[in-house]
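In: sequence first, then the predicted structure:
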Amino acid sequence: MSFFNKLKSKLFKSSSKLEEGLDAIVEEGGAAEPQPDPGPAPASEPAPETVREEPVREEPAPDTPPVGPKPVEIPETQAEPAPSSGGMLGRLFGRQGADVVRRPLDDDMLESLEDLLITADMGVDTSARVTANLAEGRYGKRVSTEEIKAALAQEIARIMEPVAKPLPLYPKKPQVVLVVGVNGSGKTTTIGKLSSQFNAAGKKVVIAAGDTFRAAAVEQLQVWGDRAGVPVMTAPQGSDPASLAFEAHKKAEADGADLLMIDTAGRLQNRADLMEELAKIVRVLRKRDETAPHNTVLVLDATTGQNALSQVETFQKLADVSGLVMTKLDGTARGGVLVALADKFGLPIHAIGVGEQIDDLAPFDPEEFAAALTGLAR
Ligand SMILES: Nc1nc2c(ncn2[C@@H]2O[C@H](COP(=O)(O)OP(=O)(O)OP(=O)(O)O)[C@@H](O)[C@H]2O)c(=O)[nH]1
């Protein structure tokens, strides 16, 4: 299964919520219209700039070489045989002969759309901005659900494009990656998944179990280290995380490791202590390498919805956050929060987690995400 399909099926809750909501909004004030003549798209449709693949003719010219972009995949549920013409784009946009419900994009519809985006956790400001952009060039025109989905996906992808950046790798050895986030956000799991991927890519990784106060956290990291085939440096329970970080850096350097991933505590209950703990880790690391840490990755749990926004604000005060990983996008109807995060903070999103298995972490792809979130067929 391609990652997109996996993402789509795993983001089912978010996309089905948006999808159902969009259907309901269009149907509420709309009317079925007979299929327009297939052929050129109506003038009201702006050229879909972010659509990566050209619509494919169903009958390729006889001398078309068997190369080039693959046809757009249509999920089975949409792949009913088109009774007449309409082509792939026609089927994609619901113009396969059946009546299509359209409704004028007026103030009422825009208000309902904005409310729907807010319930999908896109946040008030981002939802308002996205809705306003949707209205541009479409206001007053009759639109179908598929057209709104496509426009919404395009708008979301446009917001997310600038922040989709994999964890940058530097020539510096060892590159120190400090991983921060509240307890339970998925730090340990993310460190395990990332380490496994770097290890598979031929990078030598050392992990430091910096949450020394919780024996369970250390044990869990050891399990992930074993799975990923990466050594995990630990220290006795309750010992100073900064001194563990120092020792781990020494070992990573001595071993010629490319990356040192440091897990940290996430006790927000005592913010001052946590701030001092993180600051001390950084101070001590800089005794060994004044450019460390090279990345400070904040791990956020998508199921916390809007709370993720305040966590970014808090951790930006506690540490110099350089990028984000969003976990648990599977099984939540709150995936829209990622759009709000991108819009509000503009911090790089390095990866997303869509499950508990070692390969359930992928680089963030804005178009795939936007399509999966809106339920747009691809
Ligand atoms: N469904 C799902 N579960 C995840 C994902 N990432 C992590 N988890 C689960 O979330 C729970 C917490 O993850 P941890 O990695 O232990 O989180 P942590 O931030 O290290 O938490 P502490 O060890 O308490 O500091 C575990 O049960 C993980 O299996 C994900 O992408 N999807």
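Out: That came through, no problem.

In: pull out the buried positions in the one helix or strand Leu178 maps to.
Out: Assigned by DSSP states H and E, Leu178 belongs to strand 175-180. Residues of strand 175-180 classed as buried by neighbour count (16 or more other CB atoms under 10 Å): 175-180. In short, each C-beta sits where N, CA and C put it, glycine included.

In: list just the nearest of those residues to Gly375.
Out: Minimum distance to Gly375 across these is 32.3 Å, recorded for Val179 (CB to CB).

In: so the closest one touches Lys187, yeah?
Out: Yes: Val179 is in contact with Lys187 according to CB atoms under 8 Å; the separation is 5.1 Å.

In: need the overlap of contacts for the two.
Out: Common neighbours of Val179 and Lys187, counting by CB atoms under 8 Å, 6 or more residues apart in numbering, are 263-264, 299.

In: highest neighbour count among these?
Out: Neighbour counts for the shared contacts of Val179 and Lys187, by other CB atoms under 10 Å, peak at Asp263, which reaches 29 neighbours.

In: that residue pairs with what?
Out: When bridges are called by DSSP bridges, Asp263 pairs up with Val179, Ala209.

In: list the residues that contact it.
Out: Taking CB under 8 Å, 6+ apart, we find Asp263 in contact with 179, 187-188, 191, 207-211, 217, 221.

In: what's the spacing between it and the ligand?
Out: To the ligand, Asp263 is 7 Å away according to CB to the nearest ligand atom, to the nearest Å.

In: what do you get for Ala252?
Out: Using CB to the nearest ligand atom, one obtains 20 Å as the distance from Ala252 to the ligand.

In: cool, Asn270 as well?
Out: As judged by CB to the nearest ligand atom, Asn270 and the ligand stand 14 Å apart.

In: do Thr145 as well
Out: Separation of Thr145 from the ligand (CB to the nearest ligand atom) stands at 29 Å.

In: leaving out sequence neighbours, find the closest residue to that residue.
Out: Nearest non-adjacent residue to Thr145, counting by CB to CB, 6 or more residues apart in numbering: Val26, 4.6 Å away.

In: can the host helix or strand of that neighbour be said to contact the ligand?
Out: Using DSSP H and E, Val26 maps to helix 12-29. No: contact of helix 12-29 with the ligand (CB under 6 Å from any ligand atom) is absent, the minimum separation being 11.7 Å.

In: could the C-alpha coordinates of that helix be exported in PDB?
Out: Only the C-alpha atoms of helix 12-29 are listed here, as PDB (Å, rounded to 0.1, in the frame of the first residue of the first chain):
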ATOM      1  CA  PHE A  12     -10.000   8.500   7.900                       C
ATOM      2  CA  LYS A  13     -11.500  10.200  10.900                       C
ATOM      3  CA  SER A  14     -10.400  13.700   9.900                       C
ATOM      4  CA  SER A  15     -11.100  13.300   6.200                       C
ATOM      5  CA  SER A  16     -14.400  11.600   6.700                       C
ATOM      6  CA  LYS A  17     -15.500  14.400   9.000                       C
ATOM      7  CA  LEU A  18     -14.500  17.100   6.500                       C
ATOM      8  CA  GLU A  19     -15.900  15.100   3.600                       C
ATOM      9  CA  GLU A  20     -19.200  14.500   5.300                       C
ATOM     10  CA  GLY A  21     -19.400  18.100   6.400                       C
ATOM     11  CA  LEU A  22     -18.700  19.400   2.900                       C
ATOM     12  CA  ASP A  23     -21.200  17.000   1.300                       C
ATOM     13  CA  ALA A  24     -23.800  18.300   3.800                       C
ATOM     14  CA  ILE A  25     -23.000  21.900   3.200                       C
ATOM     15  CA  VAL A  26     -23.300  21.600  -0.600                       C
ATOM     16  CA  GLU A  27     -26.400  19.500  -0.400                       C
ATOM     17  CA  GLU A  28     -28.100  21.800   2.100                       C
ATOM     18  CA  GLY A  29     -28.400  24.800  -0.300                       C
END
